[in-house]
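Trainee: Provided below for reference: sequence and predicted model.
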Amino acid sequence: TLVLAMFVLVIDTTIMNVSISTLIDDFDTDVTTVQAAITLYALVMASLMITGGKIGDIIGRKKAFRIGLIIYGTGSFLTAISPNMAVLFVGWSILEGLGATLVMPAIQTLVTSNYSGKDRAIAYGIIGGIVASAIALGPIIGGWLTTSYTWRLAFGGEVVIVLIVLLLSRYILDAPLETEEKPKLDIVGSIISALGMGLIVFGILLAGTYGWWKARHPFSIGGIEISQFGLSPTPVFILAGGIILLCFALWERHIITLGKMPLVRLDVLRDRGVASGIFVQMIQNILIGGFLFSMALFLQIALGLNAMQTGFLYLLLSIPLLIASLIASRLSARIAPKRIIQVGLLVLIPGLLLAIATINVEVRGLPC
């Protein structure tokens, strides 16, 4: 059940990536608008993931898992029938993003509560493997449906999978509460954290259009032109988000001083193991997410490949990822996971250097 839920979450983004050129034609729009829909989905998730995890603590992880699936399935249904980009924004970017903020944290906790010891390591290995499988199968399934029929069928299929997961969720054992005291949602902390994370992510998203430091185009908010001094809005939003997150940290400390339950205990970041693990996972997500999106754009817009051809090229990336995920879970019983991660990062370096050396404006597509 948890594997199916993770599968549908991962396959969703890969389907959207390979359908970019078709969405542009169907809705008579441009790359920027489709990119905005994809990035808004990421913005919603980044802003509310902490709050989604806390809601799971309050109402129970299994209940949060189910509610998140209902929201996610509703979003998938709206996406499948969307007559224009506005409805697609609501269905895919907002509703699916909100649903994912409840489902993703719940999956991690439910794996921990339903398995222990070696079984837990194997379960996480299978989850990692299914992520790789979804990355492999998503472009192929989405590419085939988009090329032969319509991309809408892919999101309609997601609705069916969500319904199956909801039926099977009765077999999941809920995670017990960590404390006898029922947690409460820190609403002020939730707002501050969402605003801070949202501004940082939004600033980064603007970098592609306006530049990281020097403004490429004029940009104004409420009649105030930020770019009048030649400064891009990117560092402005990132700085504002950073200041707000600093206020969030001070607020959480204040909540703890009052003897109340914070949204998140930031003191856990003092643990070098936890901080390092979060940083490594962030780098991994940036690499995989950024590479998949940019390559889909390059293959379809620059080389003119269709969604099906893009999906098969992605298969070459996904098969090793699937094999490595399954092998790593077994190796972790003999080799320290830390060493496995270090080897993986070292292997990434020549791969990225080779990609940089290979991909340029002179690249031409192979005959298909």
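Mentor: Structure received.

Trainee: what's the first helix or strand after the biggest helix by length in the chain?
Mentor: The residue-count maximum for a helix in the chain (DSSP state H) belongs to helix 117-148. Going down the chain from helix 117-148, the next helix or strand is helix 152-168, by DSSP states H and E.

Trainee: could I get the buried residue list for the following helix or strand past that next one?
Mentor: Next helix or strand after helix 152-168 toward the C-terminus (DSSP H and E): helix 187-210. Neighbour counts using 16 or more other Cβ atoms under 10 Å place 189-190, 192-207, 210 of helix 187-210 among the buried residues. C-beta coordinates here come from the backbone N, C-alpha and C atoms, glycine included.

Trainee: how about low-confidence regions in the protein?
Mentor: For the chain, residues meeting the criterion pLDDT under 70 lie at 136, 177-182, 220-229, 307, 360-368.

Trainee: now do the strands in it.
Mentor: 220-221, 224-225 (DSSP state E).

Trainee: burial measure for the closest residue to Thr1 other than its chain neighbours, as a count.
Mentor: Nearest residue to Thr1, sequence neighbours excluded (Cβ to Cβ, 6 or more residues apart in numbering): Leu168, at 4.2 Å. By the measure other Cβ atoms under 10 Å, the count of residues near Leu168 is 13.

Trainee: which strands or helices does the longest helix of the chain pack on?
Mentor: helix 2-18, helix 97-114, helix 152-168, helix 272-297, helix 307-331 (3 or more Cβ pairs under 8 Å, 6 or more residues apart in numbering; DSSP states H and E).

Trainee: closest one to Ala121 among the ones you listed?
Mentor: Evaluated with Cβ to Cβ, the helices and strands packed on helix 117-148 place helix 307-331 nearest to Ala121, the distance being 5.8 Å.

Trainee: ok, and for the longest helix of the chain, which residues are buried?
Mentor: 121-147.

Trainee: that helix: how far from the chain's middle?
Mentor: Put simply, helix 117-148 sits 14 Å off its chain's centre (Cα atoms, centre = their mean, to the nearest Å).

Trainee: next, the angle helix 272-297 makes with that helix.
Mentor: If you take axes from the mean of the first three to the mean of the last three Cα atoms, to 10 degrees, helix 117-148 sits at 20 degrees to helix 272-297.

Trainee: spatially nearest residue to the most centrally placed residue in the chain (excluding sequence neighbours)?
Mentor: Nearest to the geometric centre of the chain sits Ala42, at 5.9 Å (Cα atoms, centre = their mean). The shortest distance from Ala42 to any non-neighbouring residue, by Cβ to Cβ, 6+ apart, is to Val201 (6.8 Å).
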